[in-house]
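Q: Okay, sequence plus prediction incoming.
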Amino acid sequence: MPQTPHPVTDPLTLAALDTERHVARSGWDQPVRLFALVPTAELLMHEPHLADGLALHDAVTGALSAVEQDELPEAAGLEELLGQIAWPEQVAGCALAVERIVVPPDAERDLPQDADAALRAVAEHAQRSDVRLLVAVTRDGAARCLLRQRAHDSDDRVALGEEIAPGLVHALRATLAPA
(Lines give C-alpha, C1' and ligand atoms only; values in the text may rest on other atoms or scores of the structure.)
Protein backbone atom coordinates (compact mmCIF):
# COMPACT_ATOMS: atom_id res chain seq x y z
CA MET A 1 0.00 0.00 0.00
CA PRO A 2 1.53 3.37 -0.99
CA GLN A 3 2.21 5.81 1.81
CA THR A 4 0.56 9.19 1.68
CA PRO A 5 2.92 12.01 2.49
CA HIS A 6 2.17 13.72 5.78
CA PRO A 7 1.03 17.31 5.39
CA VAL A 8 3.65 19.87 6.31
CA THR A 9 2.52 21.81 9.35
CA ASP A 10 5.57 23.30 11.04
CA PRO A 11 5.82 27.08 10.56
CA LEU A 12 9.44 27.19 9.37
CA THR A 13 8.94 24.58 6.65
CA LEU A 14 5.73 26.26 5.49
CA ALA A 15 7.46 29.65 5.34
CA ALA A 16 10.46 28.16 3.47
CA LEU A 17 8.23 26.43 0.92
CA ASP A 18 6.12 29.56 0.37
CA THR A 19 9.23 31.72 -0.01
CA GLU A 20 10.84 29.29 -2.47
CA ARG A 21 7.66 29.23 -4.59
CA HIS A 22 7.60 33.04 -4.52
CA VAL A 23 11.19 33.18 -5.76
CA ALA A 24 10.55 30.46 -8.37
CA ARG A 25 7.73 32.50 -9.93
CA SER A 26 10.39 34.99 -11.09
CA GLY A 27 12.27 32.33 -13.06
CA TRP A 28 15.97 31.66 -13.14
CA ASP A 29 19.15 33.75 -13.31
CA GLN A 30 18.18 35.88 -10.32
CA PRO A 31 20.44 37.69 -7.88
CA VAL A 32 20.63 36.66 -4.23
CA ARG A 33 17.35 37.37 -2.44
CA LEU A 34 17.11 37.87 1.31
CA PHE A 35 14.00 37.69 3.50
CA ALA A 36 13.19 38.47 7.13
CA LEU A 37 10.91 35.87 8.72
CA VAL A 38 8.47 37.54 11.07
CA PRO A 39 5.61 36.12 13.14
CA THR A 40 2.52 36.42 10.96
CA ALA A 41 0.33 37.44 13.92
CA GLU A 42 2.64 40.39 14.68
CA LEU A 43 2.83 41.37 11.02
CA LEU A 44 -0.98 41.46 10.81
CA MET A 45 -1.19 43.60 13.95
CA HIS A 46 0.95 46.25 12.20
CA GLU A 47 -0.34 45.67 8.65
CA PRO A 48 -3.97 44.36 8.87
CA HIS A 49 -4.56 44.96 5.16
CA LEU A 50 -2.20 42.03 4.41
CA ALA A 51 -4.70 39.51 5.84
CA ASP A 52 -6.54 39.21 2.51
CA GLY A 53 -3.46 37.80 0.73
CA LEU A 54 -2.57 35.14 3.29
CA ALA A 55 -2.89 31.41 2.69
CA LEU A 56 -4.96 29.18 4.98
CA HIS A 57 -1.82 27.74 6.64
CA ASP A 58 -0.77 31.26 7.64
CA ALA A 59 -3.29 30.89 10.47
CA VAL A 60 -1.23 28.04 12.00
CA THR A 61 0.00 28.85 15.49
CA GLY A 62 3.49 30.32 15.20
CA ALA A 63 3.15 30.98 11.46
CA LEU A 64 5.95 32.96 9.86
CA SER A 65 5.75 35.38 6.96
CA ALA A 66 8.65 36.29 4.69
CA VAL A 67 9.37 39.97 4.09
CA GLU A 68 11.79 40.53 1.22
CA GLN A 69 14.69 42.88 1.82
CA ASP A 70 15.02 45.08 -1.26
CA GLU A 71 18.00 47.21 -0.30
CA LEU A 72 20.91 44.80 0.21
CA PRO A 73 24.30 46.29 1.09
CA GLU A 74 27.02 46.32 -1.55
CA ALA A 75 29.28 43.30 -1.15
CA ALA A 76 31.93 41.46 -3.12
CA GLY A 77 30.36 38.09 -2.36
CA LEU A 78 27.80 36.22 -0.32
CA GLU A 79 30.07 35.86 2.74
CA GLU A 80 30.73 39.59 2.82
CA LEU A 81 27.02 40.37 2.34
CA LEU A 82 25.93 38.12 5.22
CA GLY A 83 28.72 39.51 7.40
CA GLN A 84 27.03 42.92 7.13
CA ILE A 85 23.56 41.72 8.14
CA ALA A 86 22.17 41.91 11.68
CA TRP A 87 18.48 41.50 12.36
CA PRO A 88 16.42 43.36 14.99
CA GLU A 89 14.84 41.30 17.77
CA GLN A 90 11.36 41.31 16.22
CA VAL A 91 12.70 39.24 13.30
CA ALA A 92 12.22 35.57 14.22
CA GLY A 93 14.38 34.23 11.41
CA CYS A 94 15.61 34.80 7.91
CA ALA A 95 15.77 33.11 4.53
CA LEU A 96 18.14 33.40 1.61
CA ALA A 97 17.65 32.28 -1.98
CA VAL A 98 20.74 31.81 -4.13
CA GLU A 99 21.42 30.06 -7.42
CA ARG A 100 24.46 27.87 -7.95
CA ILE A 101 26.03 25.64 -10.56
CA VAL A 102 26.99 22.16 -9.38
CA VAL A 103 29.04 19.47 -11.07
CA PRO A 104 29.61 15.83 -10.13
CA PRO A 105 32.22 15.27 -7.38
CA ASP A 106 34.74 13.74 -9.79
CA ALA A 107 34.58 16.90 -11.92
CA GLU A 108 35.30 19.04 -8.84
CA ARG A 109 38.54 17.15 -8.24
CA ASP A 110 39.77 18.01 -11.75
CA LEU A 111 39.10 21.77 -11.58
CA PRO A 112 41.97 24.18 -12.29
CA GLN A 113 43.59 25.91 -9.31
CA ASP A 114 42.97 29.39 -10.73
CA ALA A 115 39.56 30.65 -9.50
CA ASP A 116 38.55 32.26 -12.81
CA ALA A 117 39.57 29.20 -14.82
CA ALA A 118 37.73 26.93 -12.37
CA LEU A 119 34.57 29.03 -12.70
CA ARG A 120 34.74 28.82 -16.50
CA ALA A 121 35.30 25.05 -16.33
CA VAL A 122 32.26 24.57 -14.08
CA ALA A 123 30.06 26.78 -16.27
CA GLU A 124 31.09 24.89 -19.42
CA HIS A 125 31.00 21.37 -17.93
CA ALA A 126 28.74 18.94 -19.82
CA GLN A 127 27.28 17.54 -16.58
CA ARG A 128 26.66 20.86 -14.84
CA SER A 129 23.37 21.37 -13.09
CA ASP A 130 21.78 24.68 -12.15
CA VAL A 131 20.17 24.68 -8.72
CA ARG A 132 18.47 27.18 -6.47
CA LEU A 133 18.94 26.90 -2.73
CA LEU A 134 16.58 28.44 -0.26
CA VAL A 135 17.89 28.32 3.28
CA ALA A 136 15.71 29.43 6.20
CA VAL A 137 16.71 29.61 9.86
CA THR A 138 15.14 30.83 13.07
CA ARG A 139 16.56 32.29 16.26
CA ASP A 140 15.85 29.04 18.11
CA GLY A 141 18.33 27.23 15.82
CA ALA A 142 15.87 25.48 13.49
CA ALA A 143 16.85 25.31 9.83
CA ARG A 144 15.27 24.21 6.55
CA CYS A 145 17.05 23.93 3.22
CA LEU A 146 15.27 23.54 -0.09
CA LEU A 147 16.92 22.71 -3.37
CA ARG A 148 15.26 23.10 -6.76
CA GLN A 149 16.97 21.83 -9.91
CA ARG A 150 16.50 23.86 -13.04
CA ALA A 151 16.18 20.62 -15.05
CA HIS A 152 13.13 19.65 -12.94
CA ASP A 153 11.60 23.10 -12.65
CA SER A 154 8.39 22.22 -14.47
CA ASP A 155 7.38 19.51 -11.99
CA ASP A 156 7.69 21.94 -9.05
CA ARG A 157 9.58 19.42 -6.89
CA VAL A 158 12.11 20.55 -4.31
CA ALA A 159 14.39 18.56 -2.06
CA LEU A 160 13.91 19.41 1.61
CA GLY A 161 16.39 18.87 4.41
CA GLU A 162 18.29 20.51 7.23
CA GLU A 163 21.84 19.80 6.05
CA ILE A 164 21.72 20.46 2.29
CA ALA A 165 23.72 23.68 2.69
CA PRO A 166 25.40 23.63 6.13
CA GLY A 167 27.68 26.59 5.36
CA LEU A 168 24.72 28.82 4.48
CA VAL A 169 22.80 27.62 7.54
CA HIS A 170 25.75 28.60 9.74
CA ALA A 171 26.17 32.00 8.02
CA LEU A 172 22.46 32.84 8.32
CA ARG A 173 22.38 31.82 11.98
CA ALA A 174 25.25 34.24 12.59
CA THR A 175 23.09 37.12 11.24
CA LEU A 176 20.58 36.39 14.02
CA ALA A 177 23.10 36.29 16.86
CA PRO A 178 22.79 39.04 19.46
CA ALA A 179 25.25 41.87 18.91
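A: Cool, the structure landed. Numbers count the residues shown, from 1 in each chain.

Q: Pick out the residue nearest the middle of this structure.
A: residue 134 (2.0 Å; C-alpha atoms, centre = their mean).

Q: For my notes, confirm that one occurs in a helix.
A: No: using DSSP: H, G, I helix; E, B strand; the rest coil, the assignment for residue 134 is strand, not a helix.

Q: from here on, count from 16
A: Okay, using 16 as the starting number, the last item reads as residue 149.

Q: got the contact list for residue 50?
A: Applying C-beta atoms under 8 Å, 6 or more residues apart in numbering, we find residue 50 in contact with 34, 81-84, 109-112. (Glycine included, C-beta is placed from N, CA and C.)

Q: let's see it at 6 Å
A: Residues near residue 50 by C-beta atoms under 6 Å, 6 or more residues apart in numbering: 34, 81, 83, 110.

Q: ok so, going back, run through the bridge partners of the residue nearest to the centre of the chain.
A: When bridges are called by DSSP bridges, residue 149 pairs up with residue 112, residue 161.

Q: Look up how far residue 91 lies from it.
A: Computed as C-beta to C-beta, to the nearest Å, the residue 149 to residue 91 distance reads 23 Å.

Q: now residue 35
A: 26 Å.

Q: Neighbour count for those two, which is higher?
A: For residue 35 versus residue 91, neighbours defined as other C-beta atoms under 10 Å are more numerous around residue 35 (24 against 7).

Q: which residues in the protein form strands?
A: Assigned by DSSP state E, the strands in the chain fall at 48-54, 79-84, 108-117, 144-153, 158-164, 174-176.

Q: export the ones you listed to a markdown table and tack on mean pLDDT and distance to residue 185?
A: Formatted as a markdown table, the strands of the chain follow (pLDDT from 0 to 100; distance: least, C-beta to C-beta, whole Å):
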| stretch | mean pLDDT | distance to residue 185 |
| --- | --- | --- |
| strand 48-54 | 96 | 16 |
| strand 79-84 | 94 | 20 |
| strand 108-117 | 94 | 12 |
| strand 144-153 | 95 | 9 |
| strand 158-164 | 95 | 9 |
| strand 174-176 | 90 | 15 |
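
Q: who wins for proximity to residue 183 among these?
A: For these, proximity to residue 183 was assessed by C-beta to C-beta; strand 144-153 is nearest, at 4.4 Å.

Q: in the closest one, what counts as buried?
A: Using 16 or more other C-beta atoms under 10 Å as the test for burial, strand 144-153 gives 146-153.

Q: just stretch 43-62 next, same as before
A: Residues of stretch 43-62 classed as buried: 48-55, 58-59 (neighbour count, 16+ other C-beta under 10 Å).

Q: Contacts for the lowest-mean-pLDDT helix or strand in the chain next, please.
A: Ranked by mean pLDDT, DSSP states H and E, the weakest helix or strand in the chain is helix 120-124, scoring a mean of 75. Residues outside helix 120-124 that contact it (C-beta under 6 Å, 6+ apart) are residue 140.

Q: No more questions from me, cheers.
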